[in-house]
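**Q** quick one, what's the 3D model for this:
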Amino acid sequence: MKTIEFRNLKRKRMKKNIFMLLILSIFMLFVGKSYSQDSKLRNKLNNFSICSKTITEVKYDKIVVNNLEDIYKKRDGLYVFSNVNIDLRSLPVEKRKDVFIRLLLPSIQVVQHEILNNREIVKKLKAKKELNETEKKYATMIFNKYKIPYGNWDELQSKMIIYPTSLILSQGAIESAWGTSRFFREGNNAFGIWSANPNEPRIPAKGSRGYFVPHLRRYNSLKDTVEDITLVISRSPAYSNARKMIWEGKSSYEIAGGLLQYSEEGYNYIKKIRNTLNHNNFEKYDV
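**A** This is a model prediction of the structure:
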């Protein structure tokens with residue numbers, strides 16, 4: 001009798017042990033799966049953290065201009081004038097010049113900050129052995145922006161110039177007649193940049209050249225027009241000498257000599273830029 005009871009007790013203990021092992025196995029499986037999920041999540045967060053440290057963004061405010069007070073109001077931080085709802089033609093000459101400069105300077109500053117920021121990002125990406133998906137996407141975007149084949153890091157860096165503020169102001173003053181031209185008023189085009197693409201926003205010029213009706217680009221904001229003139233000088237082979245002088249630290253007066261092909265006026269255009277540069281003491285705005 002005792003033998004039978006002992007056997008029954010042994011069977012109960014074995015069943016209990018098997019049940020406990022089953023519970024433990026299920027628990028370990030759950031813990032293992034959770035750990036795996038947490039590990040994947042940690043990796044994603046780490047990648048995001050790396051990305052956020054590598055790819056940064058320049059923050060700025062967009063200001064609508066409805067009167068002169070909006071232009072002269074003191075503001076902290078970076079900002080751009082996105083919409084200008086005043087007509088500079090109604091202002092006295094000296095006041096018009098001052099307003100025009102104040103309208104462009106904030107956008108110039110933002111564009112230059114963005115270029116400096118992008119330089120640092122490109123420098124970091126160039127040094128990495130392998131880029132994650134976000135970094136590859138950014139790299140592709142910046143190579144396309146400067147119209148350079150992907151992977152030519154040295155060429156990309158050579159074209160990421162800081163175009164002098166004084167030259168931007170001088171060309172803007174000449175091309176837009178200090179903000180009074182139709183293209184500036186209707187399309188924020190401060191630099192007389194032509195459009196060859198019928199699918200982009202643009203404004204037809206008055207008159208025609210034979211069967212060809214020329215158009216100028218229309219921009220959403222002053223920042224867009226400043227960014228475009230900077231890219232034109234940065235990308236085009238016609239301004240390789242200007243870029244060379246910028247990297248060499250030459251004066252804006254000297255760099256102006258590299259803009260020979262910007263206008264049909266040739267050397268007369270360079271003379272105009274230099275006169276505007278000197279007469280208005282624009283070099284004081286250069287960093």
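
**Q** any idea how far the spatially closest residue to Ile246 that is not a sequence neighbour is from Ser181?
**A** The shortest distance from Ile246 to any non-neighbouring residue, by Cβ to Cβ, 6 or more residues apart in numbering, is to Ile161 (4.9 Å). Heads up, the C-betas are built off the backbone N, CA and C, glycines and all. Counting by Cβ to Cβ, to the nearest Å, the gap between Ile161 and Ser181 amounts to 26 Å.

**Q** the two - which one has more neighbours?
**A** Set side by side, Ile161 and Ser181 give different neighbour counts by other Cβ atoms under 10 Å, the larger being at Ile161 (21 against 18).

**Q** in this structure that one contacts Arg235, no?
**A** No: counting by Cβ atoms under 8 Å, Arg235 is not a contact partner of Ile161; they are 10.1 Å apart.

**Q** contacts only, for Leu260.
**A** If a contact means Cβ atoms under 8 Å, 6 or more residues apart in numbering, then Leu260 has Gly266, Tyr267, Tyr269, Ile270 as its contacts.

**Q** which among these end up buried?
**A** When neighbours are counted using 16 or more other Cβ atoms under 10 Å, the contacts of Leu260 contain these buried positions: Tyr269, Ile270.

**Q** among the contacts of Leu260, which are located in helices?
**A** When DSSP state H is applied, the contacts of Leu260 are split such that Tyr267, Tyr269, Ile270 fall in helices.

**Q** tell me if I'm right that the second one and Gln261 touch.
**A** It refers to Tyr269. No: with contact defined as Cβ under 8 Å, Tyr269 and Gln261 do not form a contacting pair (9.4 Å).

**Q** and Pro214, what pLDDT?
**A** Pro214 is assigned a predicted lDDT (pLDDT) of 87.

**Q** I figured it hits Gly192, correct?
**A** No: with contact defined as Cβ under 8 Å, Pro214 does not reach Gly192; the gap is 10.5 Å.

**Q** these two: which has the busier surroundings?
**A** Applying other Cβ under 10 Å to Pro214 and Gly192 shows that Gly192 carries more neighbours, namely 19 against 15.

**Q** so that one sits right up against Glu175, yeah?
**A** Yes: assessed by Cβ under 8 Å, Gly192 is found in contact with Glu175 at 3.9 Å.

**Q** tell me the SS of Gln261?
**A** In three-state terms, and counting by DSSP: H, G, I helix; E, B strand; the rest coil, Gln261 is coil.

**Q** report how many residues lie close to it.
**A** Gln261: 14 surrounding residues under other Cβ under 10 Å.

**Q** my read: it touches Asn241, true?
**A** No: between Gln261 and Asn241 there is no contact, the gap being 10.0 Å when judged by Cβ under 8 Å.

**Q** for the ones in helices among the contacts of Leu260, give me CSV that also has distance to Val111 and pLDDT.
**A** As requested, those are exported to CSV (distance: Cβ to Cβ, whole Å; pLDDT from 0 to 100):
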residue, distance to Val111, pLDDT
Tyr267, 28, 95
Tyr269, 23, 96
Ile270, 23, 97
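
**Q** can you tell me which of those residues is nearest Ile63?
**A** The shortest separation between Ile63 and any of those is 32.1 Å, and it belongs to Tyr269 (by Cβ to Cβ).

**Q** all helices for the stretch 1-150 of the chain, in order.
**A** For the stretch 1-150 of the chain, helices defined by DSSP state H, counting those that start in this stretch occupy the ranges 2-54, 68-72, 93-127, 133-145.
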